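In: Below is the structure, and that's it, no one-letter string:
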């Protein structure tokens, strides 16, 4: 984690796998990362202490993370195309938005408008 001026604060390290993706919360106080072992981790941006670990039922890599609703909710995308929505404070899986392997609908990208709570899910599905 770095200040914009280039000074390093601390380094985020996953114990079991490489960190693949990350996003910063709107308040700039937390960071969420997704790793190759299927874990998404929410860290303190100032101390790099682990605050919450989001554990998927499937052990597949996290390919994208997004922060929603002012930081109270986060979303994860797995390499199998599954999208899950989580409570960022408790780590509870609130909703499986897209089930991996859904016919014709593997998600390939997610993006969020954090303050509005809007999550955009992109797939290759054609109508």
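Out: Received the coordinates, thanks. As the structure is a computational prediction, the values presented were derived from the model and not from experiment. Numbering: from 1, shown residues only.
In: Give me the contact list for the strand or helix carrying residue 52.
Out: Using DSSP states H and E, residue 52 falls within strand 50-55. Contact with strand 50-55 is made by 30, 38-44, 74, 76, 84, 86, 88-91, 93, as judged by CB atoms under 8 Å, 6 or more residues apart in numbering. Every C-beta, even on glycine, is put in place using the N, C-alpha and C of the backbone.
In: of these, buried ones?
Out: When these are checked for burial by 16 or more other CB atoms under 10 Å, the buried set is 30, 38-43, 74, 76, 84, 86, 88, 91.
In: low-scoring stretches of the protein, by residue?
Out: Scanning the chain for pLDDT under 70 picks out 1-9, 58, 98-107, 113-119, 122-127.
In: Can you pull up the most central residue in it?
Out: In the chain, the residue lying closest to the centroid (CA atoms, centre = their mean) is residue 65, at 2.7 Å.
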